[in-house]
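1. pasting the structure only:
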């Protein structure tokens, strides 16, 4: 999964989708907002 994350970083469409999901559900995917946080997950 880590390899996939680095080969396919979040793009503009995913950021827009994240905004839309937040508008409906009230929550965000923080790995879209802060892709660098993947480095903090030890057992991914």
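-> Structure's in. What do you need? On a predicted model such as this, the values are computed, not experimentally measured, just so you know.

2. hey, where'd the helices end up in the chain?
-> Using DSSP state H, the helices assigned to the chain run over residues 2-7, 12-25, 30-33.

3. now the first one: buried residues?
-> Under the neighbour-count criterion of 16 or more other Cβ atoms under 10 Å, helix 2-7 has nothing buried. All C-beta atoms are positioned from the backbone trio N, CA, C, and that covers glycine.

4. neighbours around residue 17, how many?
-> Per other Cβ atoms under 10 Å, the neighbour tally for residue 17 reads 14.

5. got a list of what the closest residue to residue 9 other than its chain neighbours touches?
-> Sequence neighbours aside, residue 35 is the residue nearest to residue 9 in space, at 5.6 Å (criterion: Cβ to Cβ, 6 or more residues apart in numbering). With contact set as Cβ atoms under 8 Å, 6 or more residues apart in numbering, residue 35 has these partners: 5, 9-10.

6. re earlier: looking at the helices of the chain, which is buried most?
-> Among the helices of the chain, ranked by average contacts under mean count of other Cβ atoms under 10 Å, first place goes to helix 30-33 (a mean of 14).

7. residues making contact with it?
-> 5, 10, 14-15, 18, 37-38.

8. picking that back up, save the contacts of residue 35 as a markdown table, and put in distance to residue 29 and pLDDT too.
-> As requested, the contacts of residue 35 are exported to a markdown table (distance: Cβ to Cβ, whole Å; pLDDT from 0 to 100):
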| residue | distance to residue 29 | pLDDT |
| --- | --- | --- |
| 5 | 12 | 84 |
| 9 | 13 | 92 |
| 10 | 9 | 94 |
